[in-house]
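Novice: predicted coordinates and the sequence they were generated for:
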Amino acid sequence: MTFDATLLLSPRASSADEGAIIRMSQKTRDLRAKGHDIVALTIGEPDFATPENIRNAAKQALDEGFTHYAPVAGIPELREAIAEKLQAENGLDYQAANVVLANGTKQAINNAVLSLIGPGDEAIVLAPYWVSYEGSVKLAGGKCVAVHSSVAENYKPPIERIAAAITPATKLIFLNSPANPSGAVWSRAELEALAVEVRKHPRLMVLSDEIYEYILFDGEMVSFGSLPGMLERTITLNGFSKGFAMTGWRLGYAAGPLPVAQAMGRMQSIISAGANMFVQKAAVAALKGPRGEVERMRATYQRRRDMVLASLRAIKGVAIGPIPGTFYAFPDVSAFLGKRVGNHVIDTTDQLCDWLLEVHGLTLVPGTAFAAPGSIRLSFAASEADIEKAMARLRAALAQLAG
Ligand SMILES: Cc1ncc(COP(=O)(O)O)c(C=O)c1O
C-alpha cells in the first residue's frame, strides 16, 4: 500500500480554504510571467513605505539587543502605550493587563475566537465580511451565521435582522467598522442600537475589529466598547498593518475583559509565544511618534476614493454607495450577470473576475470571497496611474457586457 499523506489531514486542515484573494493573486502572477499586462487591484495592503521614525526605532532596537523572546502578552511598555492610546483616542477604559499582543491582527482574532468559541457555538458575521473571520470560527470548531445586507442599505444590516439571527448558541458578533470589503462605517446611533440588543443577551460578546480606524474619510470613528456598559462585552481588535503601513511586520493586538485577556494570552503562548520583540519596540514609536505620515496616507486614499467613486458612478448598471472608510470599493455588478460574451455566459462574479483578468488584464476579487456574490472588490491601495488604467479597463469590459 502506498503512503498518502492527504489521508492523515485533520478535518480542520481539510476544511480550511486559502480563499479567492490568494487564488486571483496566483493567477495574476502566472499571467504576468507569460508576459501579459495586468493591472491588479486585489490586495488590501498599503502601497506606502513604513514611516521612517518606525523603521529607525526597529533598527535601534536591533542594535540595542532586543532580539530575544518577548513576554507572551507583549512588552509592558507597548501594552501600556496601547492602553493609553485606546483611552485617549477611543474612549476605552483598558489597562495594560487587558491588552494582548499577537503576530498580526489576524492572530489576535484567532486568539480571541479560540478563547471563546468551541464546538456547538455560533458567531454572527455581517455579510459582506472579511473571509478570515469564518476561517477562525471554523478552526475553533464553531459555526458562522451570516446576516446579509445590500448596497442599498450601505452594507449595514438593520439591527432587527441581526437580532433575528441570535440564538442561545450565539457567543460572538463580528463588527468591523470601517469595514472590509464594503468601506461601511457604523455611526454612533447605529452602534447604540446594536448595544441595546447585546444587553438583552448576557452570554454574547462583540468582537470589534478596528484595524481601518485611521483610514476614515467621512463620519466619526466610534469604538463599540466605548458605549455605556459595553467595555465588558467587547473584544477590541486593532493592529499596525493598515494605518501605519506595517503589513509585513506582523503586529496586532486584542483588548478585552481580564478573563478573556488571560485566555488570549494562553492561546498566544501555545501558538507562538510572545510577538516579535524588536517590532514591539518599533510599535511604541509608531504610537508615540508624529502622525504626519499616517495622515498623509489617509489623505492620499481619500483622493483615490474620490477617483474610484466618480468612475464607478459613471458606469451605467453599477450600484455603489458611499465609501466613508478603508481603501476598498465594493460595487454591486449583478446587473451584468447572465450576459453572453462570445459563446459563453457570465453567470457569477467568479466568472466575471476570471474574464476581466484573462481578457481585459484586470484583477479584482469576486464578492463570493466575502459572502456577497453580486459584488466585486477593488482595492485602491494602488497608484493613481494603476487606478486610472483599471477603471478604463473595467468601463470597457462592462460596456461589452451591457451592449
Ligand atoms: C478586517 C481586517 N481585519 C484584520 C486584518 C488583518 O490584519 P493583520 O495584517 O494585522 O493581520 C485585515 C487584513 O486584511 C482585515 O482586512
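Specialist: Yes, it's here.
Novice: verify the stated contact: residue 213 with residue 178.
Specialist: Yes. Residue 213 is within contact range of residue 178, at 7.1 Å (criterion: Cβ atoms under 8 Å). All C-beta spots, glycine's among them, are computed from the backbone N, C-alpha and C.
Novice: what do these two both touch?
Specialist: residue 221 (Cβ atoms under 8 Å, 6 or more residues apart in numbering).
Novice: what does the stretch 1-150 of the chain put close to the ligand?
Specialist: Within reach of the ligand by Cβ under 6 Å from any ligand atom, the stretch 1-150 of the chain has these residues: 44, 104-106, 130.
Novice: residues of stretch 52-60 that come out buried?
Specialist: The neighbour-count check on stretch 52-60 (16 or more other Cβ atoms under 10 Å) flags 54, 57-58 as buried.
Novice: report the secondary structure state of residue 254.
Specialist: Three-state assignment for residue 254 (DSSP: H, G, I helix; E, B strand; the rest coil): strand.
Novice: so what's residue 228 closest to, chain neighbours aside?
Specialist: Leaving aside its sequence neighbours, residue 228 sits nearest to residue 195 (Cβ to Cβ, 6 or more residues apart in numbering; 7.5 Å).
Novice: who's in contact with that neighbour?
Specialist: Contacts of residue 195 (Cβ under 8 Å, 6+ apart): 224, 227-230.
Novice: quick one: the helices in the stretch 301-403 of the chain?
Specialist: Here the stretch 301-403 of the chain has its helices, by DSSP state H, counting those that start in this stretch, at 349-360, 384-402.
Novice: deepest of those helices, which one?
Specialist: Highest mean neighbour count among the helices of the stretch 301-403 of the chain (mean count of other Cβ atoms under 10 Å): helix 349-360, with a mean of 20.
Novice: and the residue of the stretch 251-400 of the chain that's closest to the ligand?
Specialist: The stretch 251-400 of the chain approaches the ligand most closely through residue 252 (3.9 Å), counting by Cβ to the nearest ligand atom.
Novice: wait, doesn't that residue sit right on residue 104?
Specialist: Yes. Between residue 252 and residue 104 there is a contact under Cβ under 8 Å: 4.9 Å.
Novice: the two: which is more packed in?
Specialist: residue 252 (26 against 22; other Cβ atoms under 10 Å).
Novice: returning to that earlier point: more neighbours: which of residue 213 and residue 178?
Specialist: residue 178 (27 against 19).
Novice: contact partners for the more buried one?
Specialist: 184-185, 212-213, 215-216, 221, 324-326.
Novice: spatially nearest residue to it (excluding sequence neighbours)?
Specialist: residue 325 is the one closest to residue 178 (Cβ to Cβ, 6+ apart), at 2.7 Å.
Novice: bridging residues for the one you found?
Specialist: Assessed by DSSP bridges, residue 325 has beta-bridge partners residue 216.
Novice: from residue 43, how far out is it?
Specialist: 18 Å (Cβ to Cβ, to the nearest Å).
Novice: residues in contact with stretch 79-86?
Specialist: With Cβ under 8 Å, 6+ apart, stretch 79-86 has contacts from 73, 92, 94-99, 101, 223, 236, 253, 255, 283-284, 287-288.
Novice: next, the buried residues of that stretch.
Specialist: So, applying 16+ other Cβ under 10 Å, buried residues of stretch 79-86: 79-83, 85-86.
Novice: related to what we said a few turns ago, element containing the residue nearest to residue 228?
Specialist: helix 188-199 (DSSP states H and E).
Novice: buried ones in that helix?
Specialist: 190-195, 197-198.
Novice: ditto for stretch 230-237
Specialist: Of all the residues in stretch 230-237, those buried under the rule 16+ other Cβ under 10 Å are 230-231, 233-237.
Novice: what separation is there between the residue of the stretch 251-400 of the chain closest to the ligand and residue 136?
Specialist: 13 Å.
Novice: please enumerate the shared neighbours of those two.
Specialist: residue 109.
Novice: quick one: end-to-end length of stretch 273-293, please.
Specialist: One end of stretch 273-293 sits 31 Å from the other (Cα to Cα, to the nearest Å).
Novice: who has more neighbours out of residue 325 and residue 43?
Specialist: Neighbour comparison, residue 325 and residue 43: the larger count goes to residue 325, with 28 against 18 (by other Cβ under 10 Å).
Novice: okay, now the unreliable bits of the stretch 101-250 of the chain?
Specialist: Nowhere does the stretch 101-250 of the chain drop to pLDDT under 70.
Novice: that one: helices as residue ranges?
Specialist: So, for the stretch 101-250 of the chain - with DSSP H, counting those that start in this stretch - the helices run 105-116, 132-139, 159-165, 188-199.
Novice: tell me which of the helices of the stretch 301-403 of the chain sits nearest to residue 334.
Specialist: helix 349-360 (8.2 Å; Cβ to Cβ).
Novice: from the ligand, how far out is residue 11?
Specialist: 25 Å (Cβ to the nearest ligand atom, to the nearest Å).
Novice: need phi/psi at that residue.
Specialist: For residue 11, the backbone dihedrals are phi -60, psi -40 (criterion: degrees, to the nearest 10).
Novice: what's the local residue count around residue 10?
Specialist: 8.
Novice: picking that back up, any idea how far the helix holding residue 195 is from the chain center?
Specialist: Mean C-alpha position of helix 188-199 versus that of the full chain (Cα atoms, centre = their mean, to the nearest Å) differs by 22 Å.
Novice: now do the contacts for residue 155.
Specialist: Contacts for residue 155 (Cβ under 8 Å, 6+ apart) come out as 128, 149, 179, 182-184, 321, 330.
Novice: distance of it from the ligand?
Specialist: Separation of residue 155 from the ligand (Cβ to the nearest ligand atom): 13 Å.
Novice: one more: residue 54?
Specialist: Taking Cβ to the nearest ligand atom, one finds residue 54 at 15 Å from the ligand.
Novice: that older thread, just the buried residues of stretch 79-86: which are in helices?
Specialist: Counting by DSSP state H, the members of those that fall within helices are 79-83, 85-86.
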